[in-house]
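**Q** Any chance you can model this:
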Amino acid sequence: MNDKIKYIVTIKGLKLGFQVLEMDERFRNEVEGGRVSFLSKNNLLIESYQEPQLRENTIYLRGSYRKCDNEICDRVFSNHKTMLEFISNLEIAIDDWAENWEGFQDKEKEKEIDLSVKVKVLEETVKGLVKLSHNHLTNGICFDNSYGATGRIQP
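**A** Residues are numbered from 1 along each chain as shown. As a prediction, the model looks like this:
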């Protein structure tokens, strides 16, 4: 599992159950009739629409019907082989979504930008301290000891 979603898959006979336990809220559709979509590399469509559902080519995660967030959705298959293939494709699609949905990428870019700004501020602070230290060395250093006495060292 990844940090964008936690879910449970259950199997009972030829019935597959799917429950979303937690989901990154950035993907959630909040608008009645709206959709947030991601087409995975294995061509399964992952969407936030209204409520969790499993369809042949679409995995619906939590959506605008919050009252349905904890419901278990299911899908019945004709044989176990097809069901196991679907489970494998579901896992691949969800991992791809978690790594590559553009809404998650923007947040990662923000983190990178935030880090580069912090580095830039630190660089400017260090430059300022070096300049300040240079000025103090050329103009004399003021110091303050723990006893409250102050003094000035002349160059």
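**Q** Stretch 19-39: end-to-end distance?
**A** Distance between the two ends of stretch 19-39: 20 Å, counting by CA to CA, to the nearest Å.
**Q** Name the residues of that stretch that are buried.
**A** By neighbour count on 16 or more other CB atoms under 10 Å, the buried set for stretch 19-39 is 19-20, 23-24, 27, 29, 36, 38. Just so you know, the C-beta spots here come from the backbone N, C-alpha and C atoms, and that holds for glycine as well.
**Q** Just the element for residue 19, please.
**A** strand 15-23 (DSSP states H and E).
**Q** Oops, could you answer that again for residue 10 instead?
**A** strand 5-12.
**Q** which helices and strands does that strand pack with?
**A** For strand 5-12, the elements it packs on are strand 15-23, helix 80-100, judged by 3 or more CB pairs under 8 Å, 6 or more residues apart in numbering; DSSP states H and E.
**Q** right, so of the ones you listed, which gets closest to residue 54?
**A** Among the helices and strands packed on strand 5-12, strand 15-23 comes nearest to residue 54, with 5.3 Å by CB to CB.
**Q** Give me the helix or strand of the protein that scores worst on average pLDDT.
**A** Least confident helix or strand of the chain, by mean pLDDT, DSSP states H and E, is strand 141-144 with a mean of 46.
**Q** If we ignore the residues flanking it in sequence, what's nearest residue 21?
**A** In space, residue 21 comes closest to residue 6 once its chain neighbours are excluded; the distance is 4.3 Å by CB to CB, 6 or more residues apart in numbering.
**Q** State the distance from that neighbour to residue 15.
**A** 21 Å (CB to CB, to the nearest Å).
**Q** Check residue 72 too.
**A** 10 Å.
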